[in-house]
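Visitor: Below are the sequence and a predicted model for it; my questions follow.
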Amino acid sequence: SPVPDYGDYDLDQYEGGRLMITGSRGCVRRCSFCDIHKHWKKFVYRSGQSIADEMIQQSQKYKKYRFSFTDSLINGSMKAFRDFVTVMAKHNSSATNKITWGGQFIVRGIKSMTEEDWRLTKLAGAENLAVGVESGSERVRDHMKKQFSNQDLDEFMEQAYKNKVNLEFLM
């Protein structure tokens, strides 16, 4: 797919110095209060390799190294996410200007998002993740169909803390 062309923009005129990137549309969950599934009937996503390639190409072309994902969730497909963080971690390990990124994420327990996934997430440049926690009550989250337990949330927060990835809770 074509890569956005910002050639006729003076990107330095924009606050934040970030480029936007889209890796997926839709969502893998159907929380009771959310209407994303009305806009995007099914979850579709790009390969992790194609997302990483676009970020690397855009950063080299425009000398911008911070990205914001427009996705409803970056980690909807764990296979694509793993491929993405693997490529980006390798890139950042030798890059003069490391690429960083942020966006919306869903809580996954340690069985689904492993310690190695978290280690690579940090090395890949994860800066800030906005997470739809919604409530501290597991019962309330179950009613909302959030599909994660207090234990999942504890494991998630522990790994983010351990790997120095900032979390922003949407409540």
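Guide: Arrived safely. This is a predicted model, so every value here is computed, not measured. Numbers count the residues shown, from 1 in each chain.

Visitor: Go through stretch 151-167 and flag the buried ones.
Guide: Using 16 or more other CB atoms under 10 Å as the burial criterion, the residues of stretch 151-167 that qualify are Asp152, Leu153, Glu155, Phe156, Gln159, Ala160, Asn163, Val165. No exception for glycine: its C-beta is placed from N, CA and C like everyone else's.

Visitor: Now do the helices in this protein.
Guide: 36-39, 48-62, 78-94, 115-123, 138-144, 150-162 (DSSP state H).

Visitor: hmm, who's touching the second one?
Guide: Helix 48-62 has contacts (CB atoms under 8 Å, 6 or more residues apart in numbering) with 1, 3-4, 6, 11, 19, 21, 23, 64-65, 67, 79-88, 91, 97, 99, 101.

Visitor: Give me the buried positions along it.
Guide: So, applying 16+ other CB under 10 Å, buried residues of helix 48-62: Gly48, Ser50, Ile51, Ala52, Asp53, Glu54, Met55, Ile56, Gln58, Ser59, Tyr62.

Visitor: Specify which member of these is nearest to Asp117.
Guide: Gly48 (11.9 Å; CB to CB).

Visitor: Nothing else from me, thank you.
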